[in-house]
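K.L.:
everything below, folded, please.
(one chain, ligands or ions: 1)
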Amino acid sequence: MKHLIDPTDLTKPEIDEIISLAQDIIAHRERYQGSMSHRKLATLFYEPSTRTRLSFTSAMMELGGNVLGFSDARSSSVSKGESVQDTVRVVGCFADVIAMRHHIEGAQLYATEVSTVPIINAGDGSHSHPTQTLTDLLTIQRELGHIDGITIGFCGDLRFGRTVHSLIKALTRYKDIKVILIAPDELKLPDYIKQDVCERTGIPYREVETMEEVMGELDVLYMTRVQKERFLDEDEFDRVKDSFVLDSARMSLAKQKMAVLHPLPRVNEILTEVDSDPRAAYFRQVENGKFVREALIVKLLEWKDDPAHGMPEDEEPIVDSELRCPNRKCICNNEHAPHKFHRAENGVLRCWYCDSKVR
Ligand code: NCD
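P.N.:
Got it, this is the predicted structure:
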């Protein structure tokens with residue numbers, strides 16, 4: 001069965017199918033209305049969300065399907081101590097597909113081990129956010145007409161911003177991508193993305209500390225919010241919160257054909273004066289998110305019983321009773337998930353669920 005937990009769960013042809021179905025839905029909305037009647041989507045949101053949850057809900061409604069679920073885990077059996085695996089076993093009896101957001105990293109991957117229906121990761125801690133990635137890819141395709149060959153600048157919180165981690169992983173599926181990382185020291189991209197993703201797949205990346213020095217090179221500028229809720233240290237947060245702000249003066253340094261993306265919510269990192277610039281694509285991006293989620297739901301249900309669309313073949317996990325995942329926010333340190341690991345190509349041992357480096 002196909003789940004979407006990490007962007008690399010999708011092959012390039014599968015990504016292409018989803019993006020082109022989304023474009024077809026945009027062009028012929030009426031053809032798809034009712035295509036999911038009698039189908040149900042469960043949205044299990046253990047962490048606050050407006051856009052992602054409503055986007056899934058609206059997507060399923062447009063397809064004529066129904067939606068059930070919770071947006072606050074306190075109102076579910078989770079508050080009685082139910083495990084993620086038990087919750088999805090139960091919900092799988094009521095719904096055809098599950099979209100889950102969780103503050104614990106790896107929770108959705110752990111849930112797939114027992115689920116009888118496809119699970120979509122709608123965000124796990126600072127780790128991954130693959131449906132935002134599909135949204136971003138569709139947006140780049142629609143704004144620029146191509147994804148291959150782009151130079152993309154990621155600006156802001158590259159450390160905790162899961163949308164950045166996921167999009168970089170997905171971009172390894174494309175040709176001639178160049179990545180520029182614009183962030184202060186405190187918010188730099190985690191090593192596992194730089195080493196295991198960019199270096200391993202040969203995506204050139206460069207780290208800079210100001211927007212000005214690279215603005216004119218970019219085809220896409222991907223802005224992000226500082227993830228206050230993921231900071232462990234308030235003082236550290238205060239130091240970096242206003243670090244990188246996009247305004248009209250900085251936009252004037254950019255190419256005429258260029259797209260500014262932001263997963264939203266924005267706090268103060270893009271001034272509202274930029275909103276009327278034709279290159280500001282972030283509100284169009286929100287709408288693309290609904291269409292791409294429609295396409296994803298249709299495809300996952302279509303692929304469910306098709307052996308040609310399974311999960312990628314993984315190597316056997318490494319289990320060693322001496323080893324522990326060091327990440328306090330990982331599922332194996334929060335539920336009875338086993339501590340298991342995989343060895344990255346550079347020999348580093350990483351947690352199976354959250355990719356944290358073990359030793
Ligand atoms: C992002 C998220 O939740 O990771 N938002 C979203 O999904 N639209 C980005 C963020 O919260 O800053």
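K.L.:
can you pull the contacts of the residue positioned nearest the centre of the chain?
P.N.:
Nearest to the mean C-alpha position of the chain, counting by C-alpha atoms, centre = their mean, stands His129 at 1.7 Å. Neighbouring residues of His129 by C-beta atoms under 8 Å, 6 or more residues apart in numbering: Asn121, Ala122, Gly123, Arg162, Thr163, His165, Ser166, Pro263. Bear in mind the C-beta positions are built from the backbone N, C-alpha and C, glycine included.
K.L.:
again, 6 Å this time
P.N.:
By C-beta atoms under 6 Å, 6 or more residues apart in numbering, His129 lies in contact with Gly123, Arg162, Thr163, Ser166.
K.L.:
out of those, which touch the ligand?
P.N.:
Filtering the contacts of His129 for proximity to the ligand by C-beta under 6 Å from any ligand atom leaves Gly123, Arg162, Thr163.
K.L.:
isn't the first one up against Arg101?
P.N.:
Translated: Gly123. Yes: Gly123 sits in contact with Arg101 when judged by C-beta atoms under 6 Å, with a separation of 4.5 Å.
K.L.:
now find how far off-centre the lowest-mean-pLDDT helix or strand in the chain is within its chain.
P.N.:
Using mean pLDDT, DSSP states H and E, helix 234-240 stands out as the lowest-scoring helix or strand of the chain, at a mean of 75. Averaging C-alpha positions (C-alpha atoms, centre = their mean, to the nearest Å) puts helix 234-240 25 Å from its chain's average.
K.L.:
what about Arg53, which SS state?
P.N.:
helix (DSSP: H, G, I helix; E, B strand; the rest coil).
K.L.:
so what's it up against?
P.N.:
Thr43, Phe45, Ser71.
K.L.:
about what we covered before: list of residues touching the least confident helix or strand of the chain?
P.N.:
Residues contacting helix 234-240 (C-beta under 6 Å, 6+ apart): Pro184, Glu186, Leu187, Lys228, Phe231.
K.L.:
spell out which parts of the stretch 101-250 of the chain neighbour the ligand.
P.N.:
Neighbours of the ligand within the stretch 101-250 of the chain, by C-beta under 6 Å from any ligand atom: Gly123, His129, Gln132, Arg162, Thr163, Arg225.
K.L.:
got TSV for those, with pLDDT too?
P.N.:
Below are those laid out as TSV (pLDDT from 0 to 100):
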residue	pLDDT
Gly123	96
His129	96
Gln132	98
Arg162	92
Thr163	96
Arg225	91
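K.L.:
list the buried residues in stretch 141-149.
P.N.:
Gln141, Arg142, Glu143, Leu144, Ile147 (16 or more other C-beta atoms under 10 Å).
K.L.:
out of the residues you listed, which sit inside helices?
P.N.:
Of the positions in the buried residues of stretch 141-149, Gln141, Arg142, Glu143, Leu144 sit in helices, assigned by DSSP state H.
K.L.:
now the helices for the chain?
P.N.:
Ranges of helices in the chain, per DSSP H, are 12-27, 29-32, 51-62, 84-91, 107-112, 130-144, 162-171, 191-192, 200-201, 234-240, 248-251, 282-303.
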